[in-house]
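**Student:** fold the following and give me the result.
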Amino acid sequence: MDLETPLRPLVAQMGLELYDVEFSGGTLLVSVTKEGGVDVETLAKANRAISAWLDEKDPIAGRFTLDVASPGLERRLRTSEHFRLAIGEEVTLRQVRRDEPTRRLQGVVTAVSGDEITLTDQQVGEVVVHLDQVERARTVFEWGATAKPSPSRARTATKE
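**Tutor:** You can find the predicted model right below:
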């Protein structure tokens, strides 16, 4: 069922961009974003609007929970468009390979062409991964510079 097509203009009316729609385990997760981030009030408005649309159109049979959220700092990457938006960012992914063990890659996405993602892995170098080989992937949030050792720790280390 395609919910992206009708939900995209609905959230756009609120100044939001639809990032992802996923139905899993009885939960419909709708991820929205906008330049500068999304605040709680905006998420609540989007939740009410999407909920009203779902009640009116009833596109999903049975009971389910609606969850409207921001994709977060470490957002999940599932589609070519998600990877395209992550060009220049650090990502981690699990690549399923035929006749070889699954491998974990971490590096910067440098290009996306069709369903092929090119990233520069920290250990392997440049790797091209086809989207259907990606078991799971997400962006990696860097928490800033490495903390400098405190002066008290430095003194303790030199006494030993």
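**Student:** mean confidence score for stretch 2-16?
**Tutor:** When pLDDT is averaged along stretch 2-16, the result is 96.
**Student:** ok, residues contacting that stretch?
**Tutor:** Residues from elsewhere that reach stretch 2-16 (C-beta atoms under 8 Å, 6 or more residues apart in numbering): 17-18, 21, 23, 28, 30, 32-34, 38, 42, 45-46, 49-50, 53, 57, 59. Just so you know, the C-beta spots here come from the backbone N, C-alpha and C atoms, and that holds for glycine as well.
**Student:** can you select the buried ones among the residues you listed for me in ChimeraX?
**Tutor:** Listed next is the ChimeraX selection for buried residues among those, using 16 or more other C-beta atoms under 10 Å:
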select :18,21,28,30,32,33,34,38,42,46,49,50,53
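**Student:** tell me which other helices or strands the helix ranked longest in the chain touches.
**Tutor:** Selection of the longest helix in the chain by residue count, based on DSSP state H, yields helix 40-57. Contact here means 3 or more C-beta pairs under 8 Å, 6 or more residues apart in numbering; DSSP states H and E; on that basis helix 40-57 packs against helix 4-12, strand 27-33, strand 65-69.
**Student:** looking at those, which is nearest to residue 117?
**Tutor:** strand 27-33 (19.6 Å; C-beta to C-beta).
**Student:** that closest one pairs with which strands?
**Tutor:** If you go by DSSP bridges, strand 27-33 pairs up with strand 17-24 (antiparallel), strand 65-69 (parallel).
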